[in-house]
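**Student:** Dropping the sequence and predicted coords here.
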Amino acid sequence: MKGVAVVGLGYVGLTLAVTLARKGFTVFGSDRDPRVVATLAAGRPHLFEPGVEDGLREFLGERLRVAATLPREPVDAVVLCVSTPISPESRQPELENLREAARAVGEACPPGTLVVVRSTVPVGASRRVVLPELVARWGRARLAFAPERTIQGQALRELEELPQVIGGLDTESRDAAAALFRRVTPRIVPVSSLEAAELVKLINNCHTDLIYSFGNEVALLAERLGLDPLELIRAANVDYPRPDLSKPGFVGGGCLSKDPYILLNSSTSTGNRPWLVGQARGLNEYLPIHVARRFLEMLRDTRGTLEGGQVLLLGFAYKGWPPTDDMRGAPVLQMLDLFRGEPLTLLGHDYLVSPEVLRGLGVRPTTPEEGFAGSDGVLVITDHPEYAKLDLPRLLASLRRPALLYDCWRILDEPVVRAAGQVRYAGIGYG
Ligand SMILES: NC(=O)c1ccc[n+]([C@@H]2O[C@H](COP(=O)([O-])OP(=O)(O)OC[C@H]3O[C@@H](n4cnc5c(N)ncnc54)[C@H](O)[C@@H]3O)[C@@H](O)[C@H]2O)c1
């Protein structure tokens with residue numbers, strides 16, 4: 001197997017394309033967004049992911065080509081990495097991108113080309129949506145599902161390290177996809193069907209959502225009881241030989257904010273209503289609103305009024321670690337819906353999200369140093385490790401007094417904050 005086409009060059013497709021090129025394949029990446037193609041063709045990644053820029057420098061124009069359409073020359077396999085969003089209104093999965101990509105493959109590639117679906121889909125979508133488009137043009141198809149399970153920010157490393165789950169339409173399809181991914185990662189986990197592989201992806205992500213939601217459940221309870229959620233969780237975990245509790249925190253991103261709805265869709269279409277998945281998602285989606293409300297309440301309480309106040313928001317990406325520029329499902333988006341209605345000046349900073357994006361959200365971009373100076377409240381939204389390294393005593397000294405420092409992930413040195421005088425310290429469920 002030598003030539004592989006990758007359709008959709010976002011976080012999933014681009015990282016896979018670079019990895020396949022690194023493993024010796026000739027890779028034909030395509031994307032229907034002209035800006036994506038033009039940026040990549042100029043050797044610049046259109047998203048932040050460590051190692052991708054180096055990969056483009058090394059392989060672009062040689063083993064890695066990018067274009068708006070599939071290549072004319074035959075390839076051994078096509079991997080579909082297109083976006084599969086959910087409708088913002090109905091939260092139902094939208095599979096038109098996948099259908100269009102499958103149709104384009106059927107039209108451009110010779111019959112028998114292996115097609116691997118990598119986008120996250122409702123159970124049964126590879127068979128219901130992709131297969132008919134191929135069969136209509138080819139008569140029969142070789143089709144597999146191989147979920148992407150890497151973490152953004154460390155995708156290139158995890159692509160080569162994580163076991164690859166693979167399900168096929170038949171044994172021939174599964175074996176062909178396994179042969180492809182065996183060149184990428186040492187461990188292949190074959191499962192019995194397309195549907196099994198589709199569901200593995202969904203249960204992995206829903207489980208993560210669920211585990212994190214319990215930390216948030218504990219935080220909301222602790223807040224009401226006047227207890228410190230981190231003290232409780234740490235104490236509960238000490239040498240206890242049962243699953244650890246997770247820290248409270250925001251659970252966003254392109255996958256976790258969407259995949260539970262895809263699982264719900266897969267489940268309700270069979271008449272089964274899951275007990276936990278929707279509840280966990282609901283709690284995780286409520287958390288940013290809760291924090292924003294608490295922050296405003298505490299700020300009002302601290303200053304007597306919100307009028308004329310200045311607030312610094314740190315961390316606009318959906319997470320701080322591993323660092324990313326991705327704002328899909330970012331907690332700040334829900335928070336801003338509340339903050340923008342208040343008589344506050346909003347300053348903001350992120351290490352990877354561009355100042356233009358912040359401006360577009362109605363926030364004045366700044367540095368952490370300039371932002372602390374003269375602010376009444378600081379909300380540290382992500383756990384980007386650089387925030388923990390700031391010169392805290394100097395920054396605290398530049399705040400207006402009295403001030404509020406709400407440190408969502410509790411990454412700052414609380415005793416230092418308390419020692420600064422007239423600065424109230426709080427975190428999720430704490431203070
Ligand atoms: N981001 C992640 O870490 C991650 C992890 C696991 C799975 N996934 C899943 O993988 C899929 C892709 O995710 P992503 O984060 O890369 O999305 P993305 O939005 O970053 O990229 C998707 C790309 O596909 C392109 N595209 C859409 N329809 C197309 C078509 N018909 N033909 C050609 N290109 C098309 C878009 O222009 C876009 O550039 C989604 O199903 C997602 O749920 C994402």
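**Tutor:** Perfect, I can see it now. Values in this document were obtained by computation on a predicted structure and should not be read as measured data.

**Student:** Could you use CA atoms for every contact and neighbour count after this?
**Tutor:** Will do.

**Student:** What residues sit buried inside the longest helix anywhere in the chain?
**Tutor:** Taking DSSP state H as the criterion, the chain has its longest helix at helix 194-225. For helix 194-225, burial by neighbour count (16 or more other CA atoms under 10 Å) applies to 194-202, 205-207, 209-220, 222-223.

**Student:** Format the CA atom coordinates belonging to stretch 55-63 as CSV.
**Tutor:** What follows is stretch 55-63 as a C-alpha-only set of coordinates in CSV (Å, rounded to 0.1, in the frame of the first residue of the first chain):
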residue,chain,number,x,y,z
GLY,A,55,5.6,17.9,8.9
LEU,A,56,4.4,20.3,6.2
ARG,A,57,7.9,21.7,5.9
GLU,A,58,9.3,18.2,5.4
PHE,A,59,6.8,16.6,3.1
LEU,A,60,4.7,19.2,1.4
GLY,A,61,5.0,18.9,-2.4
GLU,A,62,6.8,15.6,-2.1
ARG,A,63,5.0,12.8,-0.2
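
**Student:** How about the residue in the stretch 201-350 of the chain positioned nearest to the ligand, nearest residue that isn't a chain neighbour?
**Tutor:** Residue nearest to the ligand within the stretch 201-350 of the chain: Cys255 (5.4 Å; CA to the nearest ligand atom). In space, and not counting its chain neighbours, Cys255 is closest to Asn205: 7.4 Å by CA to CA, 6 or more residues apart in numbering.

**Student:** where exactly do the strands run in the chain?
**Tutor:** Counting by DSSP state E, the chain has strands at residues 3-7, 26-30, 64-67, 77-80, 114-117, 142-145, 164-168, 188-190, 309-314, 344-349, 364-365, 377-380, 403-407, 423-426.

**Student:** Among these, which comes closest to Gln152?
**Tutor:** Of all these, it is strand 164-168 that lies closest to Gln152, at 16.5 Å by CA to CA.

**Student:** May I have the strands that pair with that closest one, each with its orientation?
**Tutor:** strand 142-145 (antiparallel), strand 188-190 (parallel) (DSSP bridges).

**Student:** what mean pLDDT would you report for it?
**Tutor:** Averaging the model's pLDDT scores along strand 164-168 yields 98.

**Student:** same question, stretch 14-21
**Tutor:** For stretch 14-21, the mean per-residue pLDDT is 98.

**Student:** hmm, it in reach of the ligand?
**Tutor:** No. Judged by CA under 6 Å from any ligand atom, stretch 14-21 stays clear of the ligand, getting no closer than 7.4 Å.

**Student:** Isn't the residue of the stretch 201-350 of the chain closest to the ligand up against Asn204?
**Tutor:** No. In this structure, Cys255 is not within contact of Asn204 by CA atoms under 8 Å, at 10.7 Å.

**Student:** For stretch 369-377, measure first residue to last.
**Tutor:** Its first and final residues considered, stretch 369-377 spans 14 Å by CA to CA, to the nearest Å.

**Student:** Outside of that stretch itself, which residues are in contact with it?
**Tutor:** Contacts of stretch 369-377 with the rest of the structure, by CA atoms under 8 Å, 6 or more residues apart in numbering, involve 299, 303, 309-312, 347-348, 378, 395-396, 398-406.

**Student:** buried stuff in it?
**Tutor:** So for stretch 369-377, counting by 16+ other CA under 10 Å, buried means 371-377.

**Student:** now do stretch 409-424
**Tutor:** Buried positions in stretch 409-424, judged by neighbour count with 16+ other CA under 10 Å: 409-412, 417, 420, 422-424.

**Student:** what does the chain have sitting close to the ligand?
**Tutor:** Taking CA under 6 Å from any ligand atom as the criterion, the chain approaches the ligand at residues 7-13, 31-33, 81-84, 97-98, 100-101, 119-120, 148-149, 151-152, 254-255.

**Student:** Need the winner for burial among the strands of the chain.
**Tutor:** Each of these was scored by mean neighbour count; the highest is strand 142-145, a mean of 29, by mean count of other CA atoms under 10 Å.

**Student:** ok, now which ones touch the residue nearest the centre of the chain?
**Tutor:** The residue lying closest to the centre of the chain (CA atoms, centre = their mean) is Gly253, at 2.9 Å. Residues counted as contacts of Gly253 (CA under 8 Å, 6+ apart) are 318-319, 326-330.
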